[in-house]
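Student: Give me a 3D structure for the following:
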Amino acid sequence: MTITLTSDQAAYVEFLVNSGKYASASEVVQAGIDALENHSRYVKRWLETDVAPVYDLMVADPSRGIPIEDVIAQLQRHHSSRHAP
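Tutor: Numbering: from 1, shown residues only. Take a look at the predicted model:
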């Protein structure tokens, strides 16, 4: 298998190996793949446990939602109050 990295990515891999945190470039790549797998599992679990149930509730009863105009107005008020002189 051949993997091509940008010069910045290659420099970072070298930095990690030279720092002693990893013994080889292969270990760095393996850790990166592990992190991607963990992230994918986290996102899948989040979608299944948090997003899908709320979506189902909204489909069943759209009146539970907040009109987009109200959301925008609330965000604008919040932004204005944080950036007021």
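Student: in this protein, which spans are strands?
Tutor: Counting by DSSP state E, the chain has no strands to list.
Student: I'd like to know which elements the top helix by length along it is packed against.
Tutor: Taking DSSP state H as the criterion, the chain has its longest helix at helix 25-46. Counting contacts by 3 or more Cβ pairs under 8 Å, 6 or more residues apart in numbering; DSSP states H and E, helix 25-46 packs against helix 7-18. Bear in mind the C-beta positions are built from the backbone N, C-alpha and C, glycine included.
Student: what sits up against the helix it packs on?
Tutor: Applying Cβ atoms under 8 Å, 6 or more residues apart in numbering, the contact partners of helix 7-18 are 5, 22-25, 27-29.
Student: Could you pull out the buried residues of that helix?
Tutor: Residues 13, 16-17 are the ones in helix 7-18 that count as buried (16 or more other Cβ atoms under 10 Å).
Student: Stretch 41-51 too?
Tutor: Buried, per 16+ other Cβ under 10 Å, within stretch 41-51: nothing.
Student: Equivalent analysis for stretch 47-63, please.
Tutor: Across stretch 47-63, burial judged by 16+ other Cβ under 10 Å covers no residue at all.
Student: Show residues contacting it.
Tutor: Contacts with stretch 47-63, where a contact means Cβ under 8 Å, 6+ apart, come from 64-65.
Student: Compare the contacts of helix 7-18 and tell me which is most surrounded.
Tutor: The most crowded member of the contacts of helix 7-18, judged by other Cβ atoms under 10 Å, is Val28 (19 neighbours).
Student: Surely it touches Ala35?
Tutor: No - counting by Cβ atoms under 8 Å, no contact exists between Val28 and Ala35, whose distance comes to 10.7 Å.
Student: Overlap in contacts, the two.
Tutor: Residues touching both Val28 and Ala35 (Cβ under 8 Å, 6+ apart): none.
Student: Would you mind putting the contacts of helix 7-18 into JSON lines with distance to Trp46 and pLDDT alongside?
Tutor: Converted to JSON lines, these look like this (distance: Cβ to Cβ, whole Å; pLDDT from 0 to 100):
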{"residue": "Leu5", "distance to Trp46": "29", "pLDDT": "97"}
{"residue": "Tyr22", "distance to Trp46": "29", "pLDDT": "98"}
{"residue": "Ala23", "distance to Trp46": "33", "pLDDT": "98"}
{"residue": "Ser24", "distance to Trp46": "33", "pLDDT": "97"}
{"residue": "Ala25", "distance to Trp46": "31", "pLDDT": "97"}
{"residue": "Glu27", "distance to Trp46": "28", "pLDDT": "98"}
{"residue": "Val28", "distance to Trp46": "27", "pLDDT": "98"}
{"residue": "Val29", "distance to Trp46": "26", "pLDDT": "96"}
